[in-house]
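J.: need a structure here:
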Amino acid sequence: MKKSLLLPLAFIAVFILIVSAACNLPFGGDKTATEESQVIVVTATPEKVDNVVTPEPMVEVTEASVTEEPSSYSEAQAFYLEEFDGDLSNFTYDVFNYGSGSSEDATIDADDGALKFNNNGDDLYTYIYYEPYTYTDVRIDIEAENLATSDNSITLFCRYDEELGWYEYNIDNDGEWTLYYYDNVVAQQYVQLYDGGSTAIRMGRDTNTYTMICQGKELSLYINGVFTHSFEHKDLKEGQVGFGVSSYDSYPVKVNVNWLEISEP
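T.: Prediction:
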């Protein structure tokens, strides 16, 4: 479940309510995660255009069909650059707590043209979702600036479907990365598809650009414009996109996401 990310131009305090849930720890270990969220109520959805597909309920139309977007998503664009300096009501978020603290130890603020993550506890995983559209083929780019401990990772995900699952790349600040498939049908947990390392990342307190491309069966990762990895997987065809920040044993984790771009691959 998700919460509304209703962020003003200058500042937002994120309020998180805890809901206990038994689930598998995505990065190893056997802990109980707690998640808390709220749901955005949408009364209508835009229809399918090219490789952009609407959230449920789905309406089967031809690729050439274009209809006016509903008022709730009047400012939404399928492909655009988000610089986090305006209305962010088209975004929602989840905070998963696998650690010893509380989900309230993770906050997100919109300030000075950046989305500022502060994870002040161990094993806190924050996911940000772009709500108005689901996509088949899509490219996601973000710029992330690390301001504190290097024990963290940035997540990019595509084809998020609450019932089926999603694909995600996790890129650690030390250059290691992992490709996961959350299989919500059979395994009902995270399945590691591949992992590796990259020398392209700028470690420590520095700024990096990360790219995930989901095109057909192929999933690809780029770090600072350098091709890093590709992998083929056939299970998921479409879904929402987004990104996140995770903390592990050391904290605080302070990361500013300066911009997000969603584009055609």
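
J.: Just confirm D151 contacts Y248, I think it does.
T.: Yes - with contact defined as Cβ atoms under 8 Å, D151 reaches Y248; the gap is 5.0 Å. (Glycine included, C-beta is placed from N, CA and C.)

J.: With neighbour numbers in mind, choose between these two.
T.: Y248 (19 against 16; other Cβ atoms under 10 Å).

J.: now W166, nearest residue through space, not along the chain?
T.: Distances taken as Cβ to Cβ, 6 or more residues apart in numbering place Y160 nearest to W166, at 3.9 Å, with adjacent residues excluded.

J.: List the residues that contact the one you found.
T.: Y129, W166, G239, Q240, V241, G242 (Cβ atoms under 8 Å, 6 or more residues apart in numbering).

J.: For it, I want the exact helix or strand it lies within.
T.: strand 152-161 (DSSP states H and E).

J.: Kindly export that strand (C-alpha atoms) in PDB.
T.: In PDB, the C-alpha atoms belonging to strand 152-161 read as follows (Å, rounded to 0.1, in the frame of the first residue of the first chain):
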ATOM      1  CA  ASN A 152      23.300   3.000   1.600                       C
ATOM      2  CA  SER A 153      21.800   2.100  -1.800                       C
ATOM      3  CA  ILE A 154      19.800   3.800  -4.500                       C
ATOM      4  CA  THR A 155      16.900   1.800  -6.000                       C
ATOM      5  CA  LEU A 156      15.300   2.200  -9.500                       C
ATOM      6  CA  PHE A 157      12.300   0.100 -10.400                       C
ATOM      7  CA  CYS A 158      10.000  -0.600 -13.300                       C
ATOM      8  CA  ARG A 159       6.900  -2.600 -14.100                       C
ATOM      9  CA  TYR A 160       5.600  -2.300 -10.600                       C
ATOM     10  CA  ASP A 161       2.200  -4.100 -10.200                       C
END
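
J.: Report the buried residues of stretch 146-158.
T.: N146, A148, T149, D151, N152, S153, I154, T155, L156, F157, C158 (16 or more other Cβ atoms under 10 Å).

J.: Go ahead and name everything in contact with stretch 217-237.
T.: 136, 156, 158-159, 161, 164-167, 169, 171, 177, 179, 181, 183, 193-194, 196, 198, 200-202, 208-214.

J.: Buried residues, it. List them.
T.: Quick answer for stretch 217-237 (16+ other Cβ under 10 Å): L219, S220, L221, Y222, I223, T228, H229, H233, L236.

J.: sec struct for the second one, please.
T.: Looking back up the chat, that one is S220. On the three-state scheme (DSSP: H, G, I helix; E, B strand; the rest coil), S220 is labelled strand.

J.: Could you report the pLDDT at it?
T.: For S220, the pLDDT comes out at 98.

J.: With S20 instead?
T.: 35.

J.: before we move on, what about W259?
T.: 98.
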